[in-house]
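Q: Fold the stuff below for me.
(chains A and B)
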Amino acid sequence: MSEPQSALTGTTCDGIAKIREVGLQGMITLRGDLSATEIASAIADATGCALPALREITHEGRNSVSWMSPDEVMVFVPYDEAEATAAKLESALTQVHALVVNVSDARAMFELEGPNAREVLGKLCPVDLSPDSFGQGIIRRTRLAQVPAAFWMTSDASFRVVCFRSVAQYVFDTLKIAAQPGSEVGLYTQANG
Amino acid sequence: MLILECPYCGVKAEETEFHAGGEAHIKRFGPGSSDADFEGYLFNRENPKGVHFERWRHANGCGKWFHVVRCTMTLEVFGSYSAQVSEPPQEIRDAITAKRPGWCWRDFA
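A: Okay, here's the model as predicted:
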């Protein structure tokens, strides 16, 4: 069997922020009635994470669970654990109407790091990324230039960006242009005074 | 540029994050209906200067469909509400009345 490869095999780029394709990352889509207690307990058993509230992301060790829509969450686990976690979720949810799919190979993930990371994303997404309105614990699904994407903060100066694998090269190139040296706007640093 | 609020995920964003889905509250006439009803369902649309009801989809976000009321002349948005209703809720009607007294749109007023 062939070895799994991430979309851009860990390509990196340095500009006003550091961009890195994260590599293989396990991602599992879970759809169902999120108010059902079975779903919250299945997620807690499989990942240790709490069920995230509206537009939130919860973390536990290397696992994360993010809110995606009123009836959907995305479960992030290490790539080699994705199959087992998906199977575990599926077997825990046989009694409720739910869908569990391992979508690890259908997505790409990027890391954006540096004091200007907010600006780089702010150039591409119609989202207020000022520290007052966007911080850790929030996930935002939106438009990144011309494609759908989602992102959240892993520290005060770093983001994780998730997109469809088919547009990974586009997202990387677009982020690279938004992060080209000398292109700082200083919007959020001004706002901070 | 319209600023819309998705009633499902509470995100307030500009219109490029959404996708317009045409006129709202269209009553479907399918097989067995009269030709006139079917023609009306298929082709006849409102084209108001003023209050208008539309369907939108949060295409680059949670993916849900919802309803929006806006003014076609000023692009003012009066509110958005769930897609799972066949007529606008009272608070939306009140919000329109506050800005456009005496408004009417198809059977709603």
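
Q: Could you give the residue of chain A that lies closest to chain B?
A: residue A:69 (3.6 Å; C-beta to the nearest C-beta). Backbone N, C-alpha and C define where each C-beta goes, glycine included.

Q: For that residue, give me phi and psi.
A: With angles defined as degrees, to the nearest 10, residue A:69 sits at phi -160, psi 180.

Q: hey, which strand is longest across chain A?
A: Longest strand of chain A, by residue count under DSSP state E: strand A:147-155.

Q: What angle do strand A:147-155 and the next helix-or-strand element following it make with each other?
A: For strand A:147-155, the succeeding helix or strand toward the C-terminus, using DSSP states H and E, is strand A:158-164. Per axes from the mean of the first three to the mean of the last three C-alpha atoms, to 10 degrees, the angle that strand A:158-164 makes with strand A:147-155 is 150 degrees.

Q: what's downstream of strand A:158-164, the next helix or strand?
A: helix A:168-178.

Q: Please name every helix or strand in contact with that next one.
A: strand A:12-14, strand A:18-21, strand A:107-113, helix A:117-124, strand A:147-155, strand A:158-164 (3 or more C-beta pairs under 8 Å, 6 or more residues apart in numbering or on different chains; DSSP states H and E).

Q: Tabulate these (a markdown table), appending mean pLDDT and distance to chain B.
A: Below are the helices and strands packed on helix A:168-178 laid out as a markdown table (pLDDT from 0 to 100; distance: least, C-beta to the nearest C-beta, whole Å):
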| stretch | mean pLDDT | distance to chain B |
| --- | --- | --- |
| strand A:12-14 | 95 | 24 |
| strand A:18-21 | 97 | 21 |
| strand A:107-113 | 97 | 15 |
| helix A:117-124 | 96 | 12 |
| strand A:147-155 | 97 | 4 |
| strand A:158-164 | 97 | 11 |
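
Q: Redo the ones you listed as TSV? Include mean neighbour count.
A: Conversion of the helices and strands packed on helix A:168-178 to TSV gives the following (neighbours: other C-beta atoms under 10 Å in any protein chain shown):
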stretch	mean neighbour count
strand A:12-14	14
strand A:18-21	20
strand A:107-113	22
helix A:117-124	23
strand A:147-155	19
strand A:158-164	21
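
Q: Can you give me the neighbour number for the residue nearest to residue A:64 when sequence neighbours are not counted?
A: For residue A:64, ignoring the flanking residues on the chain, the nearest one in space by C-beta to C-beta, 6 or more residues apart in numbering or on different chains is residue A:76 at 4.2 Å. Residue A:76: 24 surrounding residues under other C-beta atoms under 10 Å in any protein chain shown.

Q: mind listing what residue A:76 touches?
A: Applying C-beta atoms under 8 Å, 6 or more residues apart in numbering or on different chains to residue A:76 gives the contacts A:25, A:26, A:27, A:28, A:63, A:64, A:65, A:66.

Q: Residue A:107 is in contact with the first one, correct?
A: Read that as residue A:25. Yes: applying C-beta atoms under 8 Å as the test, residue A:25 and residue A:107 come out as touching, 7.5 Å apart.

Q: before we move on, back to that, quick one: which of the contacts of residue A:76 has the most company?
A: Among the contacts of residue A:76, residue A:65 has the most neighbours (other C-beta under 10 Å), with 28 neighbours.

Q: which element is that one on?
A: Assigned by DSSP H and E, residue A:65 falls within strand A:63-69.

Q: could you point out which element follows that strand?
A: Once the chain leaves strand A:63-69, the next helix or strand it forms, by DSSP H and E, is strand A:72-77.

Q: Go through the helix or strand following that following strand and flag the buried ones.
A: Using DSSP H and E, the helix or strand that follows strand A:72-77 towards the C-terminus is helix A:82-92. For helix A:82-92, a neighbour-count test (16 or more other C-beta atoms under 10 Å in any protein chain shown) marks A:82, A:85, A:86, A:88, A:89, A:90, A:92 as buried.

Q: Tell me the residues on chain A that lie near chain B, please.
A: Selection of chain A residues close to chain B by C-beta under 8 Å from any C-beta of the partner chain yields A:54-55, A:68-70, A:72, A:126-127, A:140-143, A:148.
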